[in-house]
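**Q** Have a look; sequence and predicted model below, questions after that.
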Number of protein chains: 2
Amino acid sequence: MTRETADLTDEKRLNLAIPDPQTAEDLEDLALGDDYALNPDYVDMVVDAADRGDTERLRELVGALEPADVADLMGFLSAAYREEVIPVLDPEWLGEILAEMDDNLREEVLEATPSATLARALEDLDSDDAADVIDDLDDRKRAQVLAAMDEGDRAAIETSLAYDDETAGRLMQREFLAAPQFWTVGQTIDHVRESADSLPELFFDVYVVDPSFTPVGALPISLLLTSKLETPLAEIMEPVTEIAVDMDQEEVAYIFDKYHLISAPVVEPGGRLVGQITVDDIVGVIREEAEEDILALAGVSDAGRDASVVDIVRSRLPWLLLNLVTETIAVSAIAIFQDQIAKLVALAVLMPIVSSLGGNAGTQTLAVAVRALSSKELTSANARRIIIREMSVGVMNGLTLAIVMGLATFAFYHNAKLAITVGLALVANIFTAAVGGILAPLALEKMGRDPAVSSSIFVTFLTDFMGFFAVLLIAALLMP
Amino acid sequence: MTRETADLTDEKRLNLAIPDPQTAEDLEDLALGDDYALNPDYVDMVVDAADRGDTERLRELVGALEPADVADLMGFLSAAYREEVIPVLDPEWLGEILAEMDDNLREEVLEATPSATLARALEDLDSDDAADVIDDLDDRKRAQVLAAMDEGDRAAIETSLAYDDETAGRLMQREFLAAPQFWTVGQTIDHVRESADSLPELFFDVYVVDPSFTPVGALPISLLLTSKLETPLAEIMEPVTEIAVDMDQEEVAYIFDKYHLISAPVVEPGGRLVGQITVDDIVGVIREEAEEDILALAGVSDAGRDASVVDIVRSRLPWLLLNLVTETIAVSAIAIFQDQIAKLVALAVLMPIVSSLGGNAGTQTLAVAVRALSSKELTSANARRIIIREMSVGVMNGLTLAIVMGLATFAFYHNAKLAITVGLALVANIFTAAVGGILAPLALEKMGRDPAVSSSIFVTFLTDFMGFFAVLLIAALLMP
């Protein structure tokens, strides 16, 4: 970013009506830190210009950024400032900026932009990106925008929208480079030169197809450049990994990651090539899927970086209310044995330690299991072995903790029975945590549910209940 | 995988000395499910062949897989079975299989393989992958393997090893395509054809350099193919995003994700081009970094899919012992007020609900904050706004939960003071959770530490302590 050639920079800046390209380059250096994140000072400069109502300065500041950085900037501004920035966005860039934006910010910008401007902005995007943006419009505006577009662009976007969200069909571009297997390298290169207009801006592989347009191989275009012109494609092509058009994007990401793919052909159920997915769309999917796991394990859905307090409360409160219910059930174990506590208050002190350690041990097992499931390192091929291993770990951790806590309890309370009570309860609870932590996500996965969602509330309930119950039951038995 | 051309399949199978290509293709269909994960049945077939000591069958089964799938298979086998599989691995493929393997499995295979075989296997790999594998060898064997390699390959690997682990220098390949800016498209294509041998197998961009070999632009090779031969590179090149050779791999991944890069030039401090990083190496980094956050938040490091029970205990017990210490401190709040509990046992029943809800609210905030920090959506540019927002969410969630739990408590115990006690304590604790959940990761980030590590134990301690303390203190004040 910081070392663009003068030529290009000039050209781009002129479009944005910035008089002095030197300033623009300086601004760009200022905008991004060494880590390519937006500089807080730069955000302040934007806020400052907006406060002063200095549209020219705003245009200059925003114009110095890449689309991804403008999208990022919007996330750092509050709604009032965004309203000032939206009108200065160059229409030519608007499409790309929209494609980079978070969903809830995007909706705001979409609402504030006339349909005709949107139609123009989206025509320059790849069909997958355009469909992604259009999907965020309400029905009326969507119809207006589509009506204002070229017929070809509209058709491509409508086809894309016909596929379910988060499937290969949605991720794919309908433009790609295909060649019959009897062609030579030279013929293929000639074809590329002749049909440059109908090809996507970026492509990485040639898909070799049979007469029914089914992919039978692929070759990277770098191989096209380094091979002899007279070589037939069939001779140098490599096996191809196909993506079914209805495949879930998480599966697509798994395949790209596993086989280090740069692009892959997407095929209809009959095997016919209908599009391609490129790795740049997959990088985002991989990050998003991993982030979803982090949030799901914590019982929270991300309301988005610009969500209001009410949005966030709405995204978190249901989980907390559910937790209130499960925890109420868990403490019923205490209510049942409360005479025991009245007799020996130390139990009320020690009990939370036993349930807390169980909760933590369960969370550990759960996080490892969820990660292993999503990377397919844990499948029915090794589930039995992993379950046994987790149980063994539970026993060993439980025994070690029990000895430490038992000794500490004895040292503090000089009560052997109390020490034995917490020790035994701890072994039982850490073992329960291990069993719950591995079986809950496995069971959810088997049921076709997301193992990250709702398994943590179950495991927490289990270990809290078991922690209270085991301590008080053993106490009742040993110290009646 | 399932639709390779007959030609290619034949060729590959013959290398592996499998007599009947039809069988090999059938085997491949059998090996992978629709989701491209290894079929459990296939793993059973391998185990079965190993049990019977049928080396031919093993060779056939393993030979039908891609290197990534062989690496995967090794993870599903126990150590005893792996020992049977290692000898049948085709030496030609060994390098690629090693590059795909998990670290702890790899170490095992490396130990079992003679240095001369390893040297041959690694010569075929890109220098970054080879360095990655070599890094896992002990010093003596590493010296042996390097000594057995070609001088050129050895030098490339040694240069790679000179960079710190998890930096751009380690991720980069030293082979790339560069061209001076005065060249035309045609000259560049001719150069590629002439110097095919010194180019990497795969490349996606031409880096345009100035006389001091500093990148001044880049263009995708698809643009090379679709542009007129007489066009000068300087005219069609695009701005280039450079990666500093000592940049952390997490930063590199952020940049690739943000700007949708396919490859990027790596430069030395002076600006000189020394290598390139391609997106296929980054996909793994993005997944790994997100997985590390999941595990760190749960207080566990992944011991690896083949870790022994003892390894796993070692990776989890320290955290649980630390948790035992913090939880002991937290329950000291109960110990101080235990007379209060002796007077009113209901407090012992209700207290854990207050701390558990606080813990969950804290975990929610923490997970969102860690995610936002690692995607650089939360920086000093918006920290103040986000902190205020989290506090507001804490107050709203706290008040809502307090009303629900207060009413439930009153309905059950018919004790208004008790209901008010738990209500007030809940507001205090959910607010504490919000403050701790956002400030702890921000503080760790500011100190240059990983915000995912150790912030959850702090937040859990905080909410447990506050849960007990607030309930009992308010009870002591309201019901002396």
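**A** In hand now; what should we look at? Numbering: from 1, shown residues only, chains lettered A, B, ... in the order given.

**Q** Can you tell me which residue is spatially central in chain A?
**A** Central residue of chain A (Cα atoms, centre = their mean): A:Glu288, 0.6 Å from the mean position.

**Q** Which strand or helix spans it?
**A** For A:Glu288, the host element (DSSP states H and E) is helix A:279-297.

**Q** That helix - contacts with which helices or strands?
**A** Counting contacts by 3 or more Cβ pairs under 8 Å, 6 or more residues apart in numbering or on different chains; DSSP states H and E, helix A:279-297 packs against helix A:168-171, helix A:249-259, helix A:346-374, helix B:249-259, helix B:279-297, helix B:346-374. The way it works is simple: take the backbone N, C-alpha and C, and place the C-beta from them, glycine included.

**Q** Run the angle between it and helix A:249-259 for me.
**A** 120 degrees (axes from the mean of the first three to the mean of the last three Cα atoms, to 10 degrees).

**Q** Show me what counts as buried in helix A:279-297.
**A** A:279-297 (16 or more other Cβ atoms under 10 Å in any protein chain shown).

**Q** what pLDDT, on average, does that helix get?
**A** For helix A:279-297, mean pLDDT rounds to 88.

**Q** Now that helix - C-alpha only, PDB.
**A** What follows is helix A:279-297 as a C-alpha-only set of coordinates in PDB (Å, rounded to 0.1, in the frame of the first residue of the first chain):
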ATOM      1  CA  VAL A 279      -9.600 -19.000  -2.800                       C
ATOM      2  CA  ASP A 280      -9.900 -15.300  -2.000                       C
ATOM      3  CA  ASP A 281     -13.600 -15.900  -1.300                       C
ATOM      4  CA  ILE A 282     -12.700 -18.900   0.900                       C
ATOM      5  CA  VAL A 283     -10.200 -17.100   3.200                       C
ATOM      6  CA  GLY A 284     -13.100 -15.100   4.600                       C
ATOM      7  CA  VAL A 285     -15.200 -18.200   5.000                       C
ATOM      8  CA  ILE A 286     -12.500 -20.000   7.000                       C
ATOM      9  CA  ARG A 287     -12.100 -17.000   9.300                       C
ATOM     10  CA  GLU A 288     -15.800 -16.600   9.800                       C
ATOM     11  CA  GLU A 289     -16.500 -20.200  10.500                       C
ATOM     12  CA  ALA A 290     -13.700 -20.300  13.200                       C
ATOM     13  CA  GLU A 291     -15.000 -17.100  14.700                       C
ATOM     14  CA  GLU A 292     -18.500 -18.500  14.800                       C
ATOM     15  CA  ASP A 293     -17.200 -21.400  16.900                       C
ATOM     16  CA  ILE A 294     -15.500 -19.000  19.300                       C
ATOM     17  CA  LEU A 295     -18.700 -17.100  19.800                       C
ATOM     18  CA  ALA A 296     -21.000 -20.100  19.900                       C
ATOM     19  CA  LEU A 297     -18.900 -21.700  22.600                       C
END
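
**Q** Measure how far it is from the centre of its chain, please.
**A** 2 Å (Cα atoms, centre = their mean, to the nearest Å).

**Q** helix or strand right after that helix?
**A** Next in sequence after helix A:279-297, counting helices and strands by DSSP H and E, comes helix A:309-336.

**Q** Give me the helices and strands touching that following helix, please.
**A** Contact analysis of helix A:309-336 by 3+ Cβ pairs under 8 Å, 6+ apart lists helix A:455-478, helix B:346-374, helix B:383-413 as its packing neighbours.

**Q** Take the ones you listed and lay them out in a markdown table including mean neighbour count.
**A** Shown next, in a markdown table, are the helices and strands packed on helix A:309-336 (neighbours: other Cβ atoms under 10 Å in any protein chain shown):
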| stretch | mean neighbour count |
| --- | --- |
| helix A:455-478 | 23 |
| helix B:346-374 | 27 |
| helix B:383-413 | 18 |
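
**Q** which stretch among these comes nearest B:Leu137?
**A** helix B:346-374 (31.8 Å; Cβ to Cβ).

**Q** Now do the same for the closest one: mean pLDDT, whole number.
**A** Here helix B:346-374 scores 94 as its mean pLDDT.

**Q** and that helix with helix B:249-259, angle?
**A** Here the directions of helix B:346-374 and helix B:249-259 differ by 70 degrees (the same axes, to 10 degrees).

**Q** before we move on, back to that, using JSON lines, lay out the helices and strands packed on helix A:279-297 together with distance to A:Ile474.
**A** Shown next, in JSON lines, are those (distance: least, Cβ to Cβ, whole Å):
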{"stretch": "helix A:168-171", "distance to A:Ile474": "54"}
{"stretch": "helix A:249-259", "distance to A:Ile474": "44"}
{"stretch": "helix A:346-374", "distance to A:Ile474": "10"}
{"stretch": "helix B:249-259", "distance to A:Ile474": "47"}
{"stretch": "helix B:279-297", "distance to A:Ile474": "32"}
{"stretch": "helix B:346-374", "distance to A:Ile474": "17"}
